[in-house]
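Enquirer: Turn this into a structure:
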Amino acid sequence: MLEALFGSEIKEKILLYLYTNGEAYPREIANAFKFYLNAVQNHLLNLENAGVLYSKLKGKVRLFGINPRYPFKKELEALLEKTLIFIPEKEKEKFYMKRLRPRRTKKPI
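Expert: Residues are numbered from 1 along each chain as shown. Okay, here's the model as predicted:
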């Protein structure tokens with residue numbers, strides 16, 4: 001839907017995923033949409049270099065989210081929210097619903 005604006009379908013889906021889930025790992029996004037991990041990582045890094053996303057290390061893995069200091073954050077979120085209205089319910093349920101529980105963590109031995 002926003003491919004023309006963002007330049008690619010992958011970038012659109014990444015932004016929608018991050019908007020609905022808050023933060024995510026590259027592999028998590030790639031697995032959700034069946035994209036190649038390298039493609040997702042390249043888009044995430046490009047968006048981070050542009051200031052749209054931030055990243056932080058959590059253990060050995062980099063976690064990405066929408067940058068709260070991005071000057072057009074409100075406008076971007078409004079655009080993403082409006083886009084979600086036009087996405088079919090089945091697709092929303094599969095990809096863009098917020099998690100009901102946090103990720104599982106390994107229990108100490």
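Enquirer: tell me which element the residue most central in space within the chain is part of?
Expert: The centre of the chain sits closest to L18, judged by C-alpha atoms, centre = their mean, with a distance of 2.7 Å. Assessed by DSSP states H and E, L18 sits inside helix 9-21.
Enquirer: For that helix, list every residue counted as buried.
Expert: I10, K11, E12, K13, I14, L15, L16, Y17, L18, Y19, T20, N21 (16 or more other C-beta atoms under 10 Å). Any C-beta I mention is one placed from the backbone N, CA and C, and that applies to glycine too.
Enquirer: so which strand or helix has L84?
Expert: Counting by DSSP H and E, L84 is found in helix 73-86.
Enquirer: Which helix or strand lies directly C-terminal to that helix?
Expert: helix 89-95.
Enquirer: Alpha carbons of that next one, as PDB, please.
Expert: Output of helix 89-95 as PDB, limited to C-alpha atoms (Å, rounded to 0.1, in the frame of the first residue of the first chain):
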ATOM      1  CA  GLU A  89      -8.200  -8.400   9.300                       C
ATOM      2  CA  LYS A  90      -6.600 -11.800   8.600                       C
ATOM      3  CA  GLU A  91      -3.300 -10.100   7.800                       C
ATOM      4  CA  LYS A  92      -3.600  -7.800  10.800                       C
ATOM      5  CA  GLU A  93      -4.100 -10.800  13.100                       C
ATOM      6  CA  LYS A  94      -1.200 -12.600  11.600                       C
ATOM      7  CA  PHE A  95       1.400  -9.900  11.600                       C
END
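Enquirer: Packing partners of the helix holding L84?
Expert: helix 9-21, strand 61-66 (3 or more C-beta pairs under 8 Å, 6 or more residues apart in numbering; DSSP states H and E).
Enquirer: With distance to K74 and mean pLDDT as added columns, please give those in a markdown table.
Expert: Shown next, in a markdown table, are the helices and strands packed on helix 73-86 (distance: least, C-beta to C-beta, whole Å; pLDDT from 0 to 100):
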| stretch | distance to K74 | mean pLDDT |
| --- | --- | --- |
| helix 9-21 | 12 | 92 |
| strand 61-66 | 11 | 93 |
